[in-house]
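>>> coordinates for the following, if possible.
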Amino acid sequence: MTEPAPTAMLALRQKEGRLHVCLGGDWRIATPQRPTVGEVILALEETRCKQVVIEDGGIQAWDSALLLFLEQLREFCRRHDIELDCRGLPEGVRRLLHLAAAVTPTTTAGAPRSPGWLERVGLRTLNLFDQTQAFVAFIGETALSLLRLIRGRARFRLRDLWLVLQECGPDALPIVTLIALLMGLILAYVGAIQLQMFGAQVYVANLVGLGTLREMGAMMTAVIMAGRTGAAYAAQLGTMQVNEEIDALKTLGLSPMEFLVLPRMIALIVMVPLLTLYADLIGLLGGGLAAVSVFDLTVLEYVTQTRTALSLQDLGVGLIKAVVFGILIATAGCLRGIQCRRSAQAVGEAATSAVVSAIVAIVVADSLLTILFTRLGI
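Predicted coordinates:
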């Protein structure tokens, strides 16, 4: 037996001065004998209703045929001052209708008017308020995504997570190695030149060890990752915004926060502390090279003094800072990418803004955490 051909269903009913339009079945171009918008228009002319309510009566499949039907109905309602309520439609249909209705604002001819100082202050204040609101909303959506991940309900591809882990972890080792080695050398030289004046150059190991583990290891790793990975995240998400790929994900019912932001957030939270541990080791090695080759310390003296000066508490302070820095870098990069406007210039601006925001946030957070740990005696 052959299966019956799919059909599109249209049911009309009047209730309390409103015309309810119930759509069901298969609304595709290939569906034979689809209902036309003329049936709805005829019913509106007969009933004189001033409000049309679209309802989902079991829409099984749809394509541009359904969108064309709804767009023609919306145009008729707009011309005849009839209210159209589409909230009963599936979310994907409503999103595409919203995109179809979006228009690019046109600019008027003539020289732009220069705003006064009071207007500029007001515009800056409103912009700051909007940015703060967007930041709080982004943090809230990220927290909800993490909760769904903990409950095992987050939707993203595990392959994407491994890919971003590779990009922000092992691929960053060469630049982290170079910067950490030079950082250790610089700390050793700066400290040893002053300590030599008192014959205490053996304490260069204390300076390099404490400075690397508590401050410079996490700080320099975070700055590298902000310029390397944070900017890349902003550019990637910004390009997807320009190409309307994020809108396509929303239409498919996938959350961009889960599918795009969450893997990148997890990757940086995991990899920045691991890279910090690696940078601490390389920094201590660089300080040891300078101390042994230039300032007449033996390897045994340097290692012994380093073990005496350092503790697991110092390592823990640096790792706590590294976790906070990873969260800040991921937040800045992903937020600027999601906020990117739809132009090539905006992608570059988003990447630049992500790096600047991340570095400022890193410095501020490092200052606050250092003051906090000092007050707590850690």
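>>> I'd like the next helix or strand past the lowest-mean-pLDDT helix or strand in the chain.
Sorting the helices and strands of the chain by mean pLDDT, DSSP states H and E puts helix 91-101 at the bottom, at a mean of 77. As assigned by DSSP states H and E, the chain's next helix or strand after helix 91-101 is helix 117-150.
>>> what residues sit buried inside that following helix?
Residues of helix 117-150 classed as buried by neighbour count (16 or more other Cβ atoms under 10 Å): 138, 141-142, 145-146, 148-149. The way it works is simple: take the backbone N, C-alpha and C, and place the C-beta from them, glycine included.
>>> surely Gly24 is within a helix?
No - residue assignment for Gly24, taken from DSSP: H, G, I helix; E, B strand; the rest coil, gives strand, which places it outside any helix.
>>> distance-wise, check the closest residue in space to it that isn't next to it in sequence relative to Phe156.
Here the nearest residue to Gly24 in space, its sequence neighbours aside, is Gly57; by Cβ to Cβ, 6 or more residues apart in numbering that works out to 3.5 Å. As for Gly57, its distance to Phe156 is 33 Å (criterion: Cβ to Cβ, to the nearest Å).
>>> give me the more crowded residue out of those two.
More neighbours surround Phe156 than the other of Gly57 and Phe156, with 20 against 15 (other Cβ atoms under 10 Å).
>>> that one reaches Pro256, doesn't it?
No - shown here, Phe156 and Pro256 do not form a contact pair, counting by Cβ atoms under 8 Å, at 10.2 Å.
>>> how far off centre is the longest strand seen in the chain?
Using DSSP state E, we find that the single longest strand of the chain is strand 51-62. A distance of 34 Å separates the centroid of the chain from that of strand 51-62, by Cα atoms, centre = their mean, to the nearest Å.
>>> same check, this time on stretch 371-378
Taking the mean of its C-alpha atoms, stretch 371-378 sits 32 Å from the chain's own mean (Cα atoms, centre = their mean).
>>> tally of neighbours for Thr358?
Check again: residue 358 is Ala, not Thr. Other residues within reach of Ala358, judged by other Cβ under 10 Å, total 28.
>>> so, low pLDDT: which residues of this structure?
Of all residues in the chain, those with pLDDT under 70 make up the ranges 1-5, 101-113.
>>> can you list the domains in it?
If you go by automatic domain parsing, the domain ranges for the chain are 8-101, 158-376.
>>> and the end-to-end length of the longest one?
The first and last residues of domain 158-376 sit 40 Å apart, counting by Cα to Cα, to the nearest Å.
>>> what ranges do the helices span in the stretch 201-350 of the chain?
In order along the chain, the stretch 201-350 of the chain carries the following helices (DSSP state H, counting those that start in this stretch): 204-210, 217-225, 231-242, 245-251, 256, 262-294, 299-309, 312-338, 344-376.
>>> ranking those helices by burial, who's on top?
When you average the neighbours per residue for each of those (mean count of other Cβ atoms under 10 Å), helix 217-225 leads with a mean of 26.
>>> can you list contacts of it?
Residues from elsewhere that reach helix 217-225, judged by Cβ atoms under 8 Å, 6 or more residues apart in numbering: 168, 172, 175-176, 179-180, 183, 268, 271-272, 275-276, 279-280, 283, 318-319, 321-322, 325-326, 328-329, 358-359, 362, 366.
>>> and what of stretch 337-346?
Stretch 337-346 is contacted by residues 134, 138, 233-238, 240-242, 244, 246, 256, 261, 347, 349-350, 354 when judged by Cβ under 8 Å, 6+ apart.
>>> between the two ends of that stretch, how far is it?
Taking Cα to Cα as the measure, stretch 337-346 stretches 9 Å from start to finish.
>>> if we can go back for a sec, what packs against the longest strand of the chain?
Taking 3 or more Cβ pairs under 8 Å, 6 or more residues apart in numbering; DSSP states H and E as the contact definition, the neighbouring helices and strands of strand 51-62 are strand 8-15, strand 18-27, helix 64-79, strand 83-88.
>>> who does the last one touch, helix- and strand-wise?
Using 3+ Cβ pairs under 8 Å, 6+ apart as the contact criterion, the neighbours of strand 83-88 among helices and strands are strand 51-62, helix 64-79, helix 91-101.
>>> angle of the least confident helix or strand of the chain against strand 18-27?
Put simply, helix 91-101 runs at 110 degrees to strand 18-27, going by axes from the mean of the first three to the mean of the last three Cα atoms, to 10 degrees.
>>> for helix 91-101, buried residues please.
Neighbour counts using 16+ other Cβ under 10 Å place 93-97 of helix 91-101 among the buried residues.
>>> adding distance to Asp160, write these out as JSON lines.
JSON lines is the format used below for these (distance: Cβ to Cβ, whole Å):
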{"residue": "Val93", "distance to Asp160": "28"}
{"residue": "Arg94", "distance to Asp160": "27"}
{"residue": "Arg95", "distance to Asp160": "23"}
{"residue": "Leu96", "distance to Asp160": "25"}
{"residue": "Leu97", "distance to Asp160": "30"}
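>>> buried residues in stretch 48-60, which are they?
By neighbour count with 16+ other Cβ under 10 Å, stretch 48-60 contains the buried residues 49, 52-55, 59.
>>> surely Val270 meets Leu165?
Yes - counting by Cβ under 8 Å, Leu165 is a contact partner of Val270 at 6.9 Å.
>>> sorry, back to before: between the buried residues of helix 91-101, which is nearest Leu300?
Nearest to Leu300 among the buried residues of helix 91-101 is Arg95, at 67.9 Å by Cβ to Cβ.
>>> can I assume the closest one is in contact with Thr251?
Yes - at 5.1 Å, Arg95 counts as touching Thr251 under the criterion of Cβ under 8 Å.
>>> how much space between the closest residue to Asp314 other than its chain neighbours and Gln305?
Setting aside the residues directly before and after it, Asp314 is nearest to Leu213 in space (Cβ to Cβ, 6+ apart), at 4.6 Å. According to Cβ to Cβ, Leu213 stands 14 Å off from Gln305.
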